[in-house]
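Novice: got a predicted structure here, sequence first:
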Amino acid sequence: AQKVTQAQTEISVVEKEDVTLDCVYETRDTTYYLFWYKQPPSGELVFLIRRNSFDEQNEISGRYSWNFQKSTSSFNFTITASQVVDSAVYFCALRVHGSSNTGKLIFGQGTTLQVKP
Amino acid sequence: DGGITQSPKYLFRKEGQNVTLSCEQNLNHDAMYWYRQDPGQGLRLIYYSQIVNDFQKGDIAEGYSVSREKKESFPLTVTSAQKNPTAFYLCASSISSGGLFNTEAFFGQGTRLTVV
């Protein structure tokens, strides 16, 4: 069975603080993909990053960085020097690559991030 | 501009009514998906379609129906059999590479359905 757990339901920080959003996944497949999406108040999910299971390189994009560790089945997301515009719900998602490759995304429950000025 | 358009943005349904949510994409994507989002929960898959004239049930298909007559369109009907339809509905699409769906999915802006 596949599962994604985002244990942090809500996080509140003050602007310019760094914040890390945790994501732990479960799958028995050896090939899979991990994603992070941002959902601003408007409702649309905005794609942030995709990582495949064979690529454990960490990635940095501006103030965003991602730490993928297969040993702990985690794919954590860090925002450096947070800004009010970062306030949103963030979802971690998993897609497996097995024989039933349907493109289905399995989502965590989401973490609501509030950045206060 | 390429993207996914969902309409309407807000929809109100009376008890016992069927309602249809529209989803159109001009990204030339093969696969389309419907997800339901409830407060405090992640997105759950209702139906998906990998190709025209074919679709499959997701995790919570009961009380819903879909059609895929055109590549661009994947409407979702919420039937009266759906006992708790109040939720936020998101449509998504993704491209296939050699029949495999390995890329990110793109999402519409959602439809908020309320039963009155």
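Specialist: Alright, I've got the coordinates.
Novice: and the strands in chain A?
Specialist: Assigned strands in chain A, in chain order: A:3-5, A:10-14, A:19-21, A:24-26, A:32-39, A:46-52, A:59-61, A:64-69, A:74-79, A:88-96, A:106-107, A:111-116 (criterion: DSSP state E).
Novice: just say which of those is most tucked in.
Specialist: strand A:88-96 (a mean of 24; mean count of other Cβ atoms under 10 Å in any protein chain shown). C-beta: built from backbone N, CA, C; applies to glycine.
Novice: that strand pairs with which strands, parallel or anti?
Specialist: strand A:32-39 (antiparallel), strand A:106-107 (antiparallel), strand A:111-116 (antiparallel) (DSSP bridges).
Novice: please work out the average pLDDT along that strand.
Specialist: Confidence over strand A:88-96, taken as the mean pLDDT, stands at 93.
Novice: cool, stretch B:77-86 as well?
Specialist: 92.
Novice: what's the most centrally placed residue in chain B in contact with, if anything?
Specialist: Among the residues of chain B, residue B:34 comes closest to the average C-alpha position under Cα atoms, centre = their mean, at 2.6 Å. With contacts taken as Cβ atoms under 8 Å, 6 or more residues apart in numbering or on different chains, residue B:34 has the following neighbours: B:21, B:23, B:45-48, B:58, B:64, B:66, B:74, B:76, B:89-92.
Novice: ok, which of those also contact chain A?
Specialist: With Cβ under 8 Å from any Cβ of the partner chain as the criterion, the contacts of residue B:34 include B:45, B:48, B:58, B:90, B:92 near chain A.
Novice: out of those residues, flag the one nearest to residue A:61.
Specialist: The shortest distance between residue A:61 and any of the ones next to chain A among the contacts of residue B:34, using Cβ to Cβ, involves residue B:92 and amounts to 22.1 Å.
Novice: number of residues surrounding residue 87?
Specialist: Defaulting to chain A. Applying the criterion other Cβ atoms under 10 Å in any protein chain shown, we find 18 residues in the vicinity of residue A:87.
Novice: wrong one, chain B
Specialist: 22.
Novice: residue in chain A nearest to chain B?
Specialist: Of all residues in chain A, residue A:103 sits closest to chain B, with a separation of 2.9 Å (Cβ to the nearest Cβ).
Novice: pull up the gap between that residue and residue A:46, please.
Specialist: Look at residue A:103 and residue A:46: by Cβ to Cβ, to the nearest Å, they are 18 Å apart.
Novice: do the same with residue B:50
Specialist: If you measure residue B:50 against residue A:46 using Cβ to Cβ, the figure is 24 Å.
Novice: where does the prediction get shaky in the chain?
Specialist: In the absence of a named chain, this looks at chain A. A:98-102 (pLDDT under 70).
Novice: actually, chain B is the one I wanted.
Specialist: Judged by pLDDT under 70, chain B has its weakly predicted residues at B:1, B:97-102.
Novice: ok, now with 90
Specialist: Across chain B, the stretches falling below the confidence threshold (pLDDT under 90) are B:1-2, B:13-16, B:30, B:39-42, B:50-51, B:80-83, B:94-105, B:115-116.
Novice: ok, the residue of chain A closest to chain B touching residue B:105?
Specialist: Yes - contact status for residue A:103 versus residue B:105: in contact at 7.0 Å, counting by Cβ atoms under 8 Å.
Novice: more neighbours: which of these two?
Specialist: Neighbour comparison, residue A:103 and residue B:105: the larger count goes to residue B:105, with 27 against 24 (by other Cβ under 10 Å).
Novice: residues in contact with the more buried one?
Specialist: The contact partners of residue B:105, by Cβ under 8 Å, 6+ apart, come to A:47, A:103, A:105, B:33, B:92-94.
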